[in-house]
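Visitor: pasting a predicted model and its sequence here:
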Amino acid sequence: MSKVLYTLPVASTSLVQEPKFEKLLGRSCSLTYSYEINDNPKLIIVEKLIFEGVEAFQSTYYRAVWIDMIAAYDKLIEMGKTQWLNKILRNLNESGGAPSGLKHLRIYFDDGPCYEFVCREFTVERNQEAGLNNA
């Protein structure tokens, strides 16, 4: 059973920067994107979703997504016990890894991609920046 953990503050169609995926040091990944506040180009918010304790990640693009992925449109959802999560847990158990606390998380941006992570936690960082235009 899926559960919404976070909803984007604006529709992904309104982002001024496409989501940028980055693999960070250790077992961490991030998705960074930006948007305007109240249609004010002088006030840009840069938001970063950080996934930690990552054991696996994948992305699926626009035409390759399946109908279930659309439930994660503009929101980060915990997918519950999925086949993918169970496979990762089984592999970790068999190899002596640490399977505790793992979750399958999914977020789908407009036109894709749909990003998925098997990880232990996520956080949101938000920063305000000067606008791209001085007009």
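Guide: Structure's in. What do you need?
Visitor: tell me where the chain has strands.
Guide: 3-7, 17-24, 28-37, 40-52, 56-60, 75-78, 103-108, 114-119, 121-130 (DSSP state E).
Visitor: buried residues, the last one. List them.
Guide: Of the residues in strand 121-130, those buried by neighbour count under the rule 16 or more other C-beta atoms under 10 Å are residue 122. C-beta: built from backbone N, CA, C; applies to glycine.
Visitor: in contact with the closest residue to residue 127 other than its chain neighbours, which residues?
Guide: Excluding its sequence neighbours, the residue lying closest to residue 127 (C-beta to C-beta, 6 or more residues apart in numbering) is residue 46, at 4.9 Å. Applying C-beta atoms under 8 Å, 6 or more residues apart in numbering, we find residue 46 in contact with 17, 32-34, 126-129.
Visitor: look at the spatially most central residue of the chain and report its pLDDT.
Guide: By C-alpha atoms, centre = their mean, the mean C-alpha position of the chain lies nearest to residue 107, the distance being 4.8 Å. Looking at residue 107, its pLDDT is 98.
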